Structures are given as structure tokens and as C-alpha cells.
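A.B. asks: fold the following.
(chains A, B and C)
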Amino acid sequence: MRILRLVLRRLSLSIPCLGIILAVLFFLLQLAPGDAVDALIGQMGTSDDTLSKLLRSYYGLDGSVVAQFTGYLGRLVTLDLGLSVAYGTPVLALILERLPVTVVLMVTSMAMAFTAGCVVGVIAARYVHRWPDTIISVLGMLVYSMPSFWFGLMAIVLFAVTLGWLPAGGISDLRAGHTGLALMLDMAKHLVMPALTLGLIFFAVYLRVMRTAMLEVMTLDFMRTARAKGLQERAVLFRHALRNALLPMVTIAGLQASSMLGGAVVVESVFSLPGLGRLAQEAVVQRDLNMLLGITVMSSVLVIVVNLVIDIIYAKLDPRIDVGA
Amino acid sequence: MRALRRYASSSAALIGLVLLLMVIGMAVSAGWLFPDDPLSLAGAPLTPPFTEEGLPLGTDSVGRDIAAQIFHGARVSLLVGVVATGIAIGIGILVGAVSGYFGGATDAALMRLTEAFQTVPSFILLLMLVVIFGSEVTTLALVIGAVSWTAPARLTRAEFLTLRSRDFVQSCRTLGMPHARIIFLEILPSALPPVIVYVSVVMALAILQESALAFLGLSDPNIASWGNLIGDGRRVLRSAWYVAALPGLAIIVTVLAISLVGQGVNDLLNPRLGRR
Amino acid sequence: MTALLSIENLSIALPRGADREHAAKHVSFSIDRGEVFCVVGESGSGKSLTAAAILGLLPPGVRASAGRILFEGQDLLTLSLPELRRISGKRIGMVFQDPMTALNPLHTVGSQVAEVFRIHTTLDRAEIADRVLDLLETMRLPEPRQIARAYPHELSGGQRQRCVIAMAMALEPALLIADEPTTALDVTTQAQILALIRDLQARRGMGVMFITHDFGVVAEVATRIAVMRQGEVVEQGDAQAILNQPRHPYSQALIAAMPALRPPPYQPSSAAPVLRVEGVHKTYRRRGRTVAALKDVSLTLRRGTTLGVVGESGSGKSTLARCLVKLVEPEQGAIRVLETDITRLSGSAWRAQTGRIQMVFQDPFTSLNPRRRVGDLVTQGIAMRGVRGADLKERARDLFRLVGLDPAAIDRFPHEFSGGQRQRIGLARALALEPDVLVADEPVSALDLSVQAQVLDLLAGLRRKLGLSMVFITHDLRVAAQVCDRVAIMQRGEVVEEGPAETLLTAPSHPYSRELLAAVPGRGWAGGA
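C.D. replies: Residues are numbered from 1 along each chain as shown, chains lettered A, B, ... in the order given. Sure, this is the predicted structure:
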């Protein structure tokens, strides 16, 4: 019941949020030189006035700005994202085709980065200001300073080119023609490096958050109560500190969801994965604004969904989250 | 003076400062160490590093001097970093201060806006802005700044929320002080330290974002930028990995230097947390 | 027979860079079974760290550097941490000051109490559950089943403290250490918790080490007392002896600083009202529910008099104070300073008039901007009204003289002053604009007793000298007895009774006023004045 109410309330907050996003995007589109029709015409290589007029009225681009905005909103709400100028096919179909790869990539790297961040962060906090903490902090800093695409390239040089352990790119080996379980395994193998690459920076972030959170929780009064009860130090750590320290971690994971999606664009490009990010890059190269718009809207929706899941996890962890009216 | 000495007492902060000065030195000296256009041909393509005099770090796939590109690239990275950070922090402080101080409906509206900007993946928004406004390097700096203000805004807001209920702020109100004066002269100085520390994070992210755009070939193709060079090196990765590796090291050093200096400033401003 | 706990020559060293070397120096005392031993002292006396040292709960960097802590004949300082933890919670229970933070917010209260049994006993789940319910019932908690299932944030401060005591008492320890267990609670709750501790102690015959700063509380519970100052025990002995004939000058001063509960005879005032609060309502909306903070509050303050507003937390007294200086806008009613209804003034009109009603804040550590010089702080108000340069400095020096501070100190920063001095600075700032009405919101409740007495003296002096009219907000009836001509008692947003302090503090008529008066600790003790 509590969770259901939470979901409903979050969704009711997401609607104005999405509304603002759409309005900002519409405003940006107004600033773009030329509209979708100009782009279409340019693509066809002709300059036919009647045709462009026809197309404009077809796309509702000949009305007033207000009419255009309502039309635009109406189309987006019904998920009619229009045609891709570059591909000539519906944007929605293209996005849905590419979405699974991105989602899998995101979820795996997030899970890996989160788990590793927790474990290493706890270790750093346990040995604060002693050598394990120093080494972890230095490595964390170094990892955080690395551009993910560069790390990806270097990983390819080492693991694919030099050692030959892992494939350099793609989502599966097409020539092998795997099916079923073998295909799954093959895809997993192709995802190892991309997921590591994408997760690495976030690992550095989580690690730092976890370390700080643990140190902070350690100073709280209830830790003293737990010790006074006679709990041994290890039990104090695991039963009382850990769960409290996870709260800021979960919050950060939510805040990072959108930058993780942004990072996926670059990583997919490095490893030639057929995901949403690659689609976005192609759209930029082709100046396919319609497609970019669709991708932006859909990725925002994805971020909202991820955040919803994270809010539910948070509410499960923290009984204080009150979800009244 | 005392602050400076305290800063220097941390070796990490000192290393960061030295590295940062080194990068700034590279940017400043690029003009007279490598007076020629860094994008002009300098030698045979794919000359490996340390093999030819005059080309200390070798050449890229078309024969341009890698060292020259790295030195000139420092200018681009620092320019983008400084301009974008200035814009992001400026907008962030303004939005966060107003939101946190006034609360209520103002706060709700501004926070919805902030949430909206946080929901759209900023890199994808960046791609869209590049398509609309072009990828000239100053445009790029402005645009990166315009998508990076949300975190500083939230940080400033959080500070204002706690500070505005402090009695010293309340007492200013009972003295009849106007809002603008309370916000900027009474609260802001106390709210600033964590935001100043965050400057290093914003700057590091801005530099990384520009390099990622350049790597994808979406930045200004007419300038020597580290990301451009890595993008170029990618095409010859199997035969000449050093073309991509070297500029990457430059990015790491720069971002690391900024982070270390940020950490040092943090320890200086919050000594309580620095030494436990 | 050996003592239950005997502390011999204990010294506690503070980390380098602290304001002094030792938190405790050569502390010795012993506690027997069946007695309540009170350790009394002001902040910085080392009383809490002494208690923390017993169970090895000293903060990082702080350590016991010399002496012995013998518990049932065993020196606790020589035990390893795991060995010590086998005694903690089982033979020695501990209760902490702030029940709001002493419980883990993420676990139910029941499971936190049950944890004690899980650690130290081999009982199975069902047995533990039964024992927890029994225990909660012993703590006089209503509906123990529901309480056990509740999370800490769902309980009141008093209920939480009962749960913390339940944990400490679960295995019937031989010694209970209570570190300021009632300081964070309201008076009426405090009275209940004190009664509970006394009762449990009598029934179980355990020894109690009770740490407090409040001689009123001491008078309620103590059988023996040790008085501590700056890490040293200055006097110890039988409770009645020390309470009634303290020998050490410090104990004498502390007891003398305790405000007496006897108000001076009432002198009716016929002066014109300077402040009238008429039918003020204020509601807060929290999570969709509306909470009435002020319900139809009406009060009158006559020129030259002091009106006390007394209530527990949640009574609305602070909201009222904030309404008076327009930090909070009431929905209904009028607040007239002389003839002006300030609730109707616009923002800019009010800013021009703020000088007529000024406020002194509770917390001396947050009420002064740490980045400004104190001289600038006290004259900020007049500076905005056009006074400049040397005149301003002269005014600052005058104000400092007025509140008994060294006028040469106006160029220092707030952190260079003690709590009491800062409160004087806050007072100087409020007086700078020569207000018609001064609102003092718990101005002495964050101060140590001896400092509190000085600030109250200052206020009394200023009142005579300047003819101040004052609204004095407090939770402490003793303080109210000292400074107020009339007193209004507030409960849940309403004024339940208003009248001369003399009548209200000797023969209140409303049941709640009577309850409040009865709960004042040490009421039966003649000490103090």
C-alpha cells in the first residue's frame, strides 16, 4: 500500500517534470535553423516549394507557434515521434529496436559499480587514514579522472588486440551464428568490456560516497547505543552502520542515472554496440533533429523509470519516508 | 599566508597544484614552443614517439605533430573548463540561492525545473544543442556550462535551506534588512565553501564532456583538441595505439590535478572533516 | 563488601590540539548496589567522558591515560574490546541523553530491544519476543505490541527514552549508567522518566550512576553526589549534606545560581499596553495534515513589565515569538505594537518599523554571523538607518558597556566569545534600535547555570535602567519566576492560563498548569535562593 502510494506520488511529480522537458525542447527546436521539412527536402536534394508547403501542413508546421506546440505535445504524448529524416522510418520503431542493448548495458554497469563501490568504500572507511584507505583513495581519484572512451580504447588494445581474450566490439559474433544459450553467453562476453568501461567512473563516485557515508554513520549516537548493548565491532558495522550508509548511496545512484545514460552514448560508440547512444551519434552526424528529439524524450522517460525503481528501493530501506497524500 | 601553508602541508594537494600549474604552463607556452599551426603536416604519418628529433611524441595518422596538438589542446581544455564552470556555477548559485532562501512556491517551481534538467541525460542534450547551435569551440563552452548548472544549484539550495533558518539570518530579518542583502551579503559567504569545492567537479566534468564530444567527432574539427586526437588515434588503434594513449594521459593529468586541488581546498575550508 | 563500581584515580587524556590536556584528572569515587550516585557538573566538567570511559565508549583520540575502573572487582580498563562488550548491556546498562538519535532509525524498536537478548542469551525467537513485550510493559509503555512494531520516528521523545531504558534494563544489569537521560525531554516527561528510573532502581536494587547538570534533578533522585569541575571531583558525599550544606565554594555557587521557584510579590501595573496580541491563529500544513500552532491567542503586555510565556515543546510559544517579530505570518488576528497592527504591514513598511520590536534568540552559537565582527553585528540595524563611521563605532562601544562587555572587544569575531558573552552581544544588537518591546526567545536555556544567573541579572538590571517591556519565552518555570511579572501558560497552541507570576507559580488553577508546576524537578528541596 505504502509503495503503491509512493509510486503514484512520484508519477504525479514526473508529469510536470516531463512537461518542462518537452517545453524546453520545443523552445530549442524553434531556435534551430530550418525545421524538419527543410531537413527532409535537403535530404531529397530538391527544392520544390509546393512539396515543402504540403509537407509543412502534413507535419502541422504551418500554424501559429501555440498551435505547433499543442500539436507537438499531442504527438509526443501519444508516442508519435514522427519519421526519421535520415532513415525514413518511424523514430519510435528505431528507438525500440536499439533500446534493449542500452538498458542491459546500463543495468549491468550500474549493478557492478554499485556493488564494488559499496565493498571497497566500506574497506576504505574501516581503515580510514591508514594505507588501504590511501591506496583506495588514490586509485579512485585516478579512475575518476579517466575519460571512459579512452579507458575503453586502452582496454581494447590490451584485452582484444594484444591478449585476444575478449572481442573488440559489437554485440555478438554474427559469423558464428550462435543461438539460444550460446548466443546469450556470446553477448555477455561482448558486454564485459563495455560494462566495465561505463561502470568505472561511477564506481569511483560510489566508492567515495560510501566511504564518506560510513564515516558519517560511525559518528552517530545510535552506534554508541549499539556498542553499549554489547554488540561486537563487526556486528555494529554490518547490522547498524551498513544499512544507514546505503541510503546516500541509493540517492546518488538515482542522481547518476541520467549521466550514466549519457555515458552510454560514448561507450556504445567505442565498442560499436547497436544501442540508443550509437543512434544518437548517427543522428547528430546526419543532423536528424527529429530522431534526436525522440531519443531525448525516450531517454528522459527511461531515467524517470529508473528513478522510480530507485525510490521504491529507498522507501524499502528507510521506514521514515512518509508517503501521505 | 597561514591558509597557504596549511594547504601546502597536504602532499596530495601540493601535487595537484604542481600538475595544474604544469598544464597551465603548457597552454601558455604552446604559442612559442609550437608556433606553427598544430594541425599542419609536420612529418611522415605515424612516426612513433622518441624516434625523430623535432617530433618528440611522433605524429598522428596524417603526419601532424602530436606534441604540438597536446600543448595547443591544453588551451582548448582549460578554456572550455573555465568558461563552462563559470556559467554553471553562476546559474547554479542564482537558482539555488533564490530557491533555498524563499522556499515555498518559488522553490517548488525552480526545483521542478532543476529536476527536469537532471532527468534529461546532459550528454544527449548536449548533442542536440550542438546540432542546433554548431560546434564552434566557444559555443561548446557556453553550451556545456548551460547543461551543468543543476548540481551546483542543488548544493547551493541545500546550504541556503539550512542557513536561512539559522538565528543569525532570522536576526537580520528582524533588523529589517532587505532580502537581496541578506541573500548575498549574509548567507552567501557562509554557503559558498562547499560550492567552491564543487567547482573542481564541474570543471573536471566539463573538460571530460568536451573531450568526449571531440572524440565522437562532434566538436570543432578546426582546432587541436585532445579529444579530436584520440578520435583520430582510434582509427589506427591496432597499429599505433600511442596516438590515442598520449592525449588521454594529458586529460587524466588535467582532471586529476583539478580534483586534487579541489580536495585540498576542501580540506582547507572544512578542516574538521579533513583530519579525523 | 567491595563497591559495585569503583573508579580510582582515573585520568582521561584529550587528543593533542584540544583546549586542554585532560578531560578528567585523578577522578575517584565508588558506587554501591542500591544507590543512585549523581555526578553533577556544567559543560566541560568531564562528567560524560568519565561515564563513557567505563564501557570503552570514548570518542576516537580520547583515552583513559591513568587509573583503574573496577567493576565487581575487575579492572575494565585492562579488558580487550570483545571482553568489555560481553559485560556491556549485560552487567552494565547505559542510557544516553538524546532519545531522538540514540535509536537506529531503520529498525523497529522491538528488534532493537530484542537484539540485547540475541547478543547475550540463547533464548529462542518466541521467548525473546515475550521478554521484549514484558519489558516494554514494565517501562509503562501503552500498547507494548504496537510499540514493538513501531519505528523510532513514530514514537515521542519520552516513549523513545523508555525504549532505550528498556534496552539498558533488559538483562537486569547490576549497574545502570544514565548520561543526562532527561535533559532532552520536556519537564512533564522528565518527571515521569525520573519516577521510572527511581522505581526500577528500588525494585531491582541495582546501582545507578546518574549524570546531570541540573541540581533540581539531583534533589529528586540522588542518594550520593559527586560535583565535578574541569575534570576534577571537587566535592562528594551524601546527597542531603551537599544539597543543603555544600562545603566547596564551587558547589555553593552552583546551588546558589539555581533560580528559586518563588516569584517576588506581584506589583500590578497601570501603565498603558505597549503590545496587544488579539485572537491570533496560525496553522502549519505538514504532509497534507494541518496542525494548529496557535489557537486564538490573546495577550497584553504593559509598558515596563515582563510577560512570561511558558510551555513545553510543541506548545506554540516559539511560533508566537516569531509572529511578534513577523518572521511568521499568522492567518488571523492582530498584533498591535502601540497602535500599529504589524500583521497588516507590507514588507517594506515593516522593514522601516522593525526597530520597534526586537528579538533575542535562543542559541548563542548560531545567532551571530560567524563572519562579521561583533561591533558590526550590534550596529547593523542602526547602520541601515543611516548612522556612519565614527558615530557607529561609538554606538557599538556604548552598547557593549550597556551589556557589561569590554568596549575594546568590538573588533573581534563571535567565536572569540563564550556562550554567555555571545548572548550579551545578541542582547546589545536587539537593544541597539531602542525597541518598544523586546522578545526574548529562551535566551538562557542554552547556557550553563552560573552563566544563566549572570545573564538573568543583566536582564533585570537593564529592565530597571531602561524601563524595558519584554515578552520572555521559556520552558523553565524557575527562570520565569525570576524575571516575569505576569505569566501565560501555553499548551498545544492555546493559552490555558494567564495571570500574575506570584499566583500562577504558587496556586495555579488550570490542571495543566498544576501538572507543569508539580513536574519542576527539586521542587520540594528548599535549595537555591
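A.B. asks: touching chain B at all, the longest helix belonging to chain A?
C.D. replies: Assignment by DSSP state H gives helix A:180-218 as the longest helix of chain A. Yes: Helix A:180-218 comes into contact with chain B (Cβ under 8 Å from any Cβ of the partner chain), by way of residue A:215. C-beta coordinates here come from the backbone N, C-alpha and C atoms, glycine included.
A.B. asks: show the contacting residues for residue A:95.
C.D. replies: A:81, A:276, A:279, A:294-295, A:298 (Cβ atoms under 8 Å, 6 or more residues apart in numbering or on different chains).
A.B. asks: in three-state terms, label the nearest residue to residue C:319 once chain neighbours are set aside for me.
C.D. replies: Spatial nearest neighbour of residue C:319, chain neighbours left out: residue C:293 (4.3 Å); criterion: Cβ to Cβ, 6 or more residues apart in numbering or on different chains. With DSSP: H, G, I helix; E, B strand; the rest coil as the basis, residue C:293 sits in strand.
A.B. asks: residues near residue C:293, how many?
C.D. replies: As a burial measure, residue C:293 scores 23 neighbours (other Cβ atoms under 10 Å in any protein chain shown).
A.B. asks: so for whatever residue of the stretch 101-250 of chain A ends up closest to chain C, what's the pLDDT?
C.D. replies: Relative to chain C, the nearest point of the stretch 101-250 of chain A is residue A:230 (3.4 Å; Cβ to the nearest Cβ). Predicted confidence (pLDDT) for residue A:230: 90.
A.B. asks: next, it: phi, psi?
C.D. replies: Per-residue torsions, residue A:230: phi 110, psi 10 (degrees, to the nearest 10).
A.B. asks: residues contacting it?
C.D. replies: Here residue A:230 is in contact with C:85-90, C:116, C:119-120 (Cβ under 8 Å, 6+ apart).
A.B. asks: and chain B, which residues reach chain C?
C.D. replies: So chain B meets chain C at B:166-168, B:170-178, B:186, B:189-190, B:276 (Cβ under 8 Å from any Cβ).
A.B. asks: get me the contact residues on chain A for chain C.
C.D. replies: Counting by Cβ under 8 Å from any Cβ, chain A comes close to chain C at A:220-222, A:224-233, A:235, A:239-240, A:243-244, A:317-320, A:322, A:324-325.
A.B. asks: which members of these are classed as buried?
C.D. replies: For the residues of chain A next to chain C, a burial check counting by 16 or more other Cβ atoms under 10 Å in any protein chain shown picks out A:220-222, A:224-231, A:235, A:239-240, A:243-244, A:317-319.
A.B. asks: quickly find the element holding residue B:117.
C.D. replies: Residue B:117 is part of helix B:104-119 when elements are defined by DSSP states H and E.
A.B. asks: pull the CA atoms of that helix into PDB?
C.D. replies: C-alpha atoms of helix B:104-119 as PDB (Å, rounded to 0.1, in the frame of the first residue of the first chain):
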ATOM      1  CA  GLY B 104       7.500  27.700  -0.900                       C
ATOM      2  CA  ALA B 105       6.100  28.000  -4.400                       C
ATOM      3  CA  THR B 106       9.300  29.700  -5.800                       C
ATOM      4  CA  ASP B 107      11.300  26.800  -4.500                       C
ATOM      5  CA  ALA B 108       8.900  24.200  -5.900                       C
ATOM      6  CA  ALA B 109       8.900  25.800  -9.400                       C
ATOM      7  CA  LEU B 110      12.700  26.100  -9.600                       C
ATOM      8  CA  MET B 111      13.200  22.600  -8.300                       C
ATOM      9  CA  ARG B 112      10.800  21.200 -10.900                       C
ATOM     10  CA  LEU B 113      13.000  23.000 -13.500                       C
ATOM     11  CA  THR B 114      16.200  21.600 -12.000                       C
ATOM     12  CA  GLU B 115      14.700  18.100 -11.800                       C
ATOM     13  CA  ALA B 116      13.700  18.400 -15.500                       C
ATOM     14  CA  PHE B 117      17.300  19.300 -16.500                       C
ATOM     15  CA  GLN B 118      18.600  16.500 -14.300                       C
ATOM     16  CA  THR B 119      16.300  14.000 -15.900                       C
END
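A.B. asks: which ones are touching residue B:79?
C.D. replies: With Cβ under 8 Å, 6+ apart, residue B:79 has these contacts: B:137-138, B:141.
A.B. asks: same thing with residue C:233?
C.D. replies: Residues near residue C:233 by Cβ under 8 Å, 6+ apart: C:27-29, C:226-227.
A.B. asks: just the buried residues out of those, in PyMOL syntax.
C.D. replies: Listed next is the PyMOL selection for buried residues among the contacts of residue C:233, using 16+ other Cβ under 10 Å:
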select buried, chain C and resi 27+29+226+227
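A.B. asks: ok, so of the contacts of residue C:233, who is nearest residue A:118?
C.D. replies: residue C:27 (42.6 Å; Cβ to Cβ).
A.B. asks: please, which helix or strand holds the spatially most central residue of chain A?
C.D. replies: Centroid-nearest residue in chain A, with Cα atoms, centre = their mean: residue A:261, separated by 2.6 Å. Element membership of residue A:261, judged by DSSP H and E, is helix A:242-270.
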